[in-house]
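Enquirer: here you go, sequence then predicted model.
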Amino acid sequence: MIPHLFCFGLGYVGAILALTAQKHGWRVSGTTRIPERAAHFQERGIHALPFEDTDKTGDVRESLTRATHIFSTIPPLSDGRDPVFPLLLNAPLKPTLQWLGYLSTVGVYGNAQGDIVSENTPLAPLHTEAKAQAFIEADWRSLHSTFAYPVHIFRMSGVYGSERNPLERIQEHPAPLIIKKGLYCCRIHIDDVIMALLASMQNPKPGALYNLSDDEPAPPQDVTAYAYRLLGLDPPDPVPYDPATLPEMVRVHYEESRRVSAEHIKQDLGIAWQFPSYREGLTHIFDQVKAQP
């Protein structure tokens, strides 16, 4: 039987996963809120459906009945709700459903003050969206404990790739080197995210909970400085962290420090990261851009 992936949210991660699964011979369908993106996927043979927070036409529900694998990348709505969970509760899912995945965030761990966190670390989310995702994770886990659905939850660190990376940001707007003592941030290359998701989909372990993060948590200024050097630029002089000078969207990234361990998923699925640190990842992106005509 040809596997059929249904992906809620054909955004950054969802789109790359969908296109990669299709290249592997899978049938793929999913949802997007943007008509232009729906047309883009339709042209590539991926059945794209509109979906906000309700399934008004029943098309999504009907598509779910054909899926062998279902994945949601949709973050909490502004009121904290997950639009997918109620649908899964009421949809007649395929009896042969093999894998059901939810993309969460390492933000559910909150501020570990630079300590190492694993899947066994108690949750202590600080910010609104992370708090909502902690509740949504519990809902999804109940699908496994109550209905024996093959649920898999992935807590992802900051994802980067050829379209989202410090090299691109520096070229668009020079980035400062902000120093905050004891601050560690975690990240993972999109190619490793997709590799791990496909490995899990091909080797389901219902009830699994996995961190997605590379092997080297690092202070953000180290990553920024490395990006400057790759571009042949001198990094700017470092400046001390001052929350009063930063917009809120930037400031929140300096409020939490943790070193995320992803040893569990690597051992459980027998995988290794292609880009174990930001150095390999950024160098690969730089080489890709340099090779373009």
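Expert: That came in fine, so what should we check first?
Enquirer: and residue 228, helix, strand or coil?
Expert: Secondary structure, DSSP: H, G, I helix; E, B strand; the rest coil: residue 228 is helix.
Enquirer: do you know how far the closest residue to it other than its chain neighbours is from residue 45?
Expert: Excluding its sequence neighbours, the residue lying closest to residue 228 (CB to CB, 6 or more residues apart in numbering) is residue 235, at 4.2 Å. The way it works is simple: take the backbone N, C-alpha and C, and place the C-beta from them, glycine included. Residue 235 sits 45 Å away from residue 45, going by CB to CB, to the nearest Å.
Enquirer: show me which of those two is the more surrounded one.
Expert: For residue 235 versus residue 45, neighbours defined as other CB atoms under 10 Å are more numerous around residue 235 (18 against 11).
Enquirer: which SS class is the more buried one?
Expert: Classification of residue 235 by three-state DSSP places it in coil.
Enquirer: which stretches in this structure count as helices?
Expert: Remark: helices assigned in the chain by DSSP state H are 12-23, 35-43, 59-64, 84-90, 128-147, 166-172, 190-202, 220-230, 248-251, 263-269, 278-291.
Enquirer: on that earlier part again, right, and the residue nearest to residue 228 touches residue 223 too?
Expert: No. Residue 235 is not in contact with residue 223 according to CB atoms under 8 Å; the separation is 11.0 Å.
Enquirer: who touches residue 78 in this structure?
Expert: Neighbour list for residue 78: empty [criterion: CB atoms under 8 Å, 6 or more residues apart in numbering].
Enquirer: going forward, begin numbering at 56 instead of 1
Expert: From this message on, residue numbering opens at 56, which makes the last subject residue 133.
Enquirer: which residues touch residue 102?
Expert: Contact criterion CB under 8 Å, 6+ apart gives 83, 84, 85, 96, 118 as the residues in contact with residue 102.
Enquirer: tally up the residues packed near the residue lying closest to the fourth one once chain neighbours are set aside, please.
Expert: By that I understand residue 96. Residue nearest to residue 96 in three dimensions, not counting chain neighbours: residue 103, with 4.0 Å by CB to CB, 6+ apart. Neighbour count of residue 103, defined by other CB under 10 Å: 24.
Enquirer: now do the contacts for residue 103.
Expert: Taking CB under 8 Å, 6+ apart, we find residue 103 in contact with 65, 84, 85, 86, 87, 92, 93, 94, 95, 96, 97.
Enquirer: bridge partners for it, pull those for me.
Expert: Beta bridges link residue 103 to residue 85 when assigned by DSSP bridges.
Enquirer: where in the protein is pLDDT low?
Expert: The chain contains residues with pLDDT under 70 at 347-348.
Enquirer: residue furthest from the geometric center of it?
Expert: Distance from the C-alpha centroid of the chain, by CA atoms, centre = their mean, peaks at residue 292 (32.0 Å).
Enquirer: span of stretch 132-152 from start to end?
Expert: 26 Å (CA to CA, to the nearest Å).
Enquirer: distance between that stretch and the chain's centre?
Expert: 19 Å (CA atoms, centre = their mean, to the nearest Å).
Enquirer: cool, stretch 145-157 as well?
Expert: 21 Å.
Enquirer: before we move on, what about stretch 79-95?
Expert: That offset, for stretch 79-95, works out to 18 Å (CA atoms, centre = their mean).
Enquirer: pull the CA atoms of that stretch into CSV?
Expert: The C-alpha coordinates for stretch 79-95 follow below in CSV (Å, rounded to 0.1, in the frame of the first residue of the first chain):
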residue,chain,number,x,y,z
HIS,A,79,9.8,9.2,-1.9
GLY,A,80,6.7,8.0,-3.7
TRP,A,81,4.1,8.9,-1.1
ARG,A,82,0.6,10.4,-1.8
VAL,A,83,0.4,13.7,-0.1
SER,A,84,-2.3,16.2,0.8
GLY,A,85,-2.6,19.0,3.3
THR,A,86,-4.0,22.3,4.3
THR,A,87,-3.1,26.0,3.7
ARG,A,88,-4.9,29.3,4.4
ILE,A,89,-3.4,31.0,1.3
PRO,A,90,-5.1,30.3,-2.1
GLU,A,91,-1.9,31.0,-4.0
ARG,A,92,0.0,28.4,-2.0
ALA,A,93,-2.9,25.9,-2.6
ALA,A,94,-2.5,26.5,-6.4
HIS,A,95,1.3,26.0,-6.1
